[in-house]
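1. Here is my input, please return the structure:
(2 chains)
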Amino acid sequence: MPSSNVIQCTDKDGISIACSKGTWDDHIVDEHPEMDGLASYVRTTIEEPYWIYQSATDARRKIFYRHFVFPAPLKLQFVRVVIEYKTARFRNKLQGYVVTSFLCMRIREGDILLWEE
Amino acid sequence: MGRIVQTNIPNIDLGELAEIGRSEGCSLAYHRKEDTLYIRPDKPRPGTSLDWNGVWIRVDPETHEIIGVEIENFEGIFLKKHPELAKTWQDVRPFVTRKKQSRCDEQESFLLIILTFLRDLLNGPRQERLGFAPS
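-> Purely as a prediction, here's the structure:
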């Protein structure tokens, strides 16, 4: 795994998914401090989601959800992971990149359900 | 197998929205690559998020106090749906980056404008279903 990736895994379709350190530190944790230390939960959500949605606003993006029970005061929360799929330029292979991830109280309305566990 | 589709949604007082803009410890950040606008406390606070049509309200998980707002597709969709904010945004945009910085007058004004706008926008017949307390 490149040292610049905090997460490197595959989704249930076998597509490689990565979250760079820059995205994790400067975007995800910076704006959502509750995500500090929760990279493994994001990884599990990608590998073993409960729901996968198609973004209603971006054809390249899918949204993964899975709920977990965290220590109080968070308790039961959904982990939401937005992944953008792109064809890697030189390898002509589809890859996914984590755009954002945070905790939420429910699945957002308006996106299109693709798959449910 | 049935799955939980939402947690216990607390009642959230939208009247607090305009107040967080008046707080000294709150600022704007815009992540251009993700096209997401953040209104967040200067001192990072863990929170959880509740959605309303592309707008995420960030709340303290313990007190349910509103601590911030996150608007995805801010320029791509939100400002197009609400063009009345676009001109003001263009004036303040050069002063808003993703880096933490001290608030300037332009930021302060835009913060109040957008939070008051959101409070009024969310104060509609859907609010009770979405877990927002009627004001």
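
2. so where do the helices sit in the chain?
-> In the absence of a named chain, chain A is used. A:21-23, A:30-31, A:39-47 (DSSP state H).

3. that answer is for a different chain, and I need it for chain B
-> Under DSSP H, chain B gives helices at B:16-22, B:79-81, B:86-92, B:105-122.

4. Does anything pack onto the third one? Which helices or strands?
-> Read that as helix B:86-92. helix B:79-81, helix B:105-122 (3 or more Cβ pairs under 8 Å, 6 or more residues apart in numbering or on different chains; DSSP states H and E). Bear in mind the C-beta positions are built from the backbone N, C-alpha and C, glycine included.

5. Please say whether there is contact between the first one and chain A.
-> No - against chain A, helix B:79-81 shows no contacts by Cβ under 8 Å from any Cβ of the partner chain, the least distance being 11.2 Å.

6. all strands of chain B, in order?
-> Secondary structure of chain B (DSSP state E): strands located at B:12-13, B:26-31, B:36-41, B:48-52, B:55-59, B:66-71, B:132-133.

7. Which of the helices of chain B has the lowest mean pLDDT?
-> Set side by side, the helices of chain B give their lowest mean pLDDT on helix B:16-22, at a mean of 70.

8. picking up where we left off before, pipe the helices and strands packed on helix B:86-92 into TSV and attach mean neighbour count and distance to A:Q8 per row.
-> Output for the helices and strands packed on helix B:86-92, formatted as TSV (neighbours: other Cβ atoms under 10 Å in any protein chain shown; distance: least, Cβ to Cβ, whole Å):
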stretch	mean neighbour count	distance to A:Q8
helix B:79-81	14	35
helix B:105-122	18	37
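
9. Distance to B:I39 added to those helices, as a markdown table?
-> Converted to a markdown table, the helices and strands packed on helix B:86-92 look like this (distance: least, Cβ to Cβ, whole Å):
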| stretch | distance to B:I39 |
| --- | --- |
| helix B:79-81 | 15 |
| helix B:105-122 | 7 |
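
10. for the ones you listed, which one sits closest to B:K43?
-> helix B:105-122 (16.4 Å; Cβ to Cβ).

11. Please enumerate residues in contact with the closest one?
-> With contacts defined as Cβ atoms under 8 Å, 6 or more residues apart in numbering or on different chains, helix B:105-122 is touched by B:14-15, B:17-18, B:20-22, B:26-28, B:39, B:52, B:55, B:57, B:69, B:82, B:84-85, B:88-89, B:91-92, B:95-96, B:103, B:132.

12. Can you give me the distance of the nearest residue to B:K80 once chain neighbours are set aside to chain A?
-> Ranked by Cβ to Cβ, 6 or more residues apart in numbering or on different chains and with sequence neighbours excluded, the top spatial neighbour of B:K80 is B:A86, at 7.9 Å. The spacing between B:A86 and chain A, counted by Cβ to the nearest Cβ, to the nearest Å, is 18 Å.

13. do the same with B:K87
-> Distance of B:K87 to chain A, computed by Cβ to the nearest Cβ: 23 Å.

14. ok, now B:P61?
-> 4 Å.

15. that older thread, now the helices of chain A as a markdown table including mean neighbour count?
-> Shown next, in a markdown table, are the helices of chain A (neighbours: other Cβ atoms under 10 Å in any protein chain shown):
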| stretch | mean neighbour count |
| --- | --- |
| helix A:21-23 | 16 |
| helix A:30-31 | 20 |
| helix A:39-47 | 19 |
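
16. Include mean pLDDT and distance to B:I113 when you put those into a markdown table, please.
-> Converted to a markdown table, the helices of chain A look like this (pLDDT from 0 to 100; distance: least, Cβ to Cβ, whole Å):
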| stretch | mean pLDDT | distance to B:I113 |
| --- | --- | --- |
| helix A:21-23 | 94 | 30 |
| helix A:30-31 | 92 | 21 |
| helix A:39-47 | 98 | 34 |
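
17. okay if I get the ones you listed as JSON lines plus distance to chain B?
-> Below are the helices of chain A laid out as JSON lines (distance: least, Cβ to the nearest Cβ, whole Å):
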{"stretch": "helix A:21-23", "distance to chain B": "9"}
{"stretch": "helix A:30-31", "distance to chain B": "5"}
{"stretch": "helix A:39-47", "distance to chain B": "13"}
